[in-house]
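Peer 1: I'll drop the sequence and a predicted model, then ask my questions.
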Amino acid sequence: MFRTNPTLRALTSVQNEEAARVVVSALAQEIGVADDHPATRIAFGAILGAFQECELLPDPAAGAEARQSMYAFLQAGLAALKTQVAGR
């Protein structure tokens, strides 16, 4: 439906951009840096990529297992970014 309707596609794009700004801001606060710090973009990219990969898994059971691994990976990544930023 979104592919064939340019209006819906544009609306989704605007909503995604706003959601990205909110997530980046929350990540910046969590990490302890400004919104435009490279660490926020790195964290956002990791989160986005991980969610996209989980959604592409054909087997729902594998998806549930993958999500558990994804959450552990993302938590460790955020912890590493916090440590790195705090060490500066």
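Peer 2: Here it is on my side, so go on.

Peer 1: give me the phi and psi for residue 82.
Peer 2: In terms of degrees, to the nearest 10, the main-chain angles of residue 82 are phi -60, psi -40.

Peer 1: once you drop chain neighbours, what's closest to it?
Peer 2: Spatial nearest neighbour of residue 82, excluding adjacent residues (CB to CB, 6 or more residues apart in numbering): residue 31 at 5.5 Å. All C-beta atoms are positioned from the backbone trio N, CA, C, and that covers glycine.

Peer 1: please apply the same query to residue 37.
Peer 2: Once flanking residues are discounted, residue 37 sits nearest to residue 28: 6.3 Å by CB to CB, 6+ apart.

Peer 1: ok, the residue nearest to residue 82 touching residue 80?
Peer 2: No: using CB atoms under 8 Å, residue 31 is not in contact with residue 80, being 10.1 Å away.
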